[in-house]
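Colleague: Generate coordinates for the sequence data below:
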Amino acid sequence: MQIDGLKRRCLQDMSLEEQDDYWHDIEEQENLINQKRKLRRNFYQTQWKDCGIFLGCHVAERVLSYVFKDVKRMPYGNKGFDFICNKGFKIDSKASCLLKKRNNYSFAIRNNKIADYFLCIGFDNRENLNPQHIWLIKSDEIIRNKKLNEFTSLTIQNTEYGLTKFSKYELTDKLKETIECCNVLKM
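Modeller: I've put the predicted structure just below:
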């Protein structure tokens, strides 16, 4: 950042502590401006159905915040998690549409060590957005000989064998509410 002659003279008259405070305030203002730009850009992206973050942010996070009671929803772009549940756990919501060619769901975990749980919701496709499955998995759960939070992505096969392996994490009682909520969003 360039400073003009007047500011330079004013800074020279300040103590080191006052200069530190001044530069700290400037840095905070620049960070706020950058955050607002990022939020504005990402907000508009979440409104586009073809955008990658539409499914996760606009649909999954909104639906899950209504289905699960007493959760604190974090602002968009919060690092590592999307919700805090009423028990204080940090939950990162993930969404995937069924990949027809591979017949699986793929959730981007991205080695997230911050979240306590991952809430994964599997949809039929982007056009209909019908929830098919919801899984709640503890982040340090051992899956395929590795902690979930050490995965780059989690793949769940849409086969009897693949779904059975994850049946202990499935929230079948929440699926009906999720479907109803998605139907309301479609209107």
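Colleague: CA only for contacts and neighbour counts going forward, please
Modeller: OK.
Colleague: Ile156: helix or strand, and which one exactly?
Modeller: Following DSSP states H and E, one finds Ile156 within strand 153-157.
Colleague: Could you tell me which strands sit next to that strand in the sheet, and their orientation?
Modeller: Strand pairing for strand 153-157, determined by DSSP bridges: strand 104-108 (antiparallel).
Colleague: Dump the strand it pairs with to CSV, restricted to CA.
Modeller: Output of strand 104-108 as CSV, limited to C-alpha atoms (Å, rounded to 0.1, in the frame of the first residue of the first chain):
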residue,chain,number,x,y,z
ASN,A,104,-21.7,-43.9,-6.9
TYR,A,105,-21.8,-40.8,-4.8
SER,A,106,-18.6,-38.8,-4.3
PHE,A,107,-18.2,-36.4,-1.4
ALA,A,108,-15.2,-33.9,-1.2
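Colleague: Residues touching that strand, excluding its own?
Modeller: Strand 104-108 is contacted by residues 94-99, 120, 122, 152-158 when judged by C-alpha atoms under 8 Å, 6 or more residues apart in numbering.
Colleague: Would you write a ChimeraX line that selects the buried entries of those residues?
Modeller: Buried residues within those, by 16 or more other C-alpha atoms under 10 Å, are selected in ChimeraX with:
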select :94,95,96,97,98,120,122,154,156,157,158
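Colleague: Most widely separated two among the contacts of strand 104-108?
Modeller: Spanning the widest gap among those are Thr152 and Asn158, at 19.4 Å by C-alpha to C-alpha.
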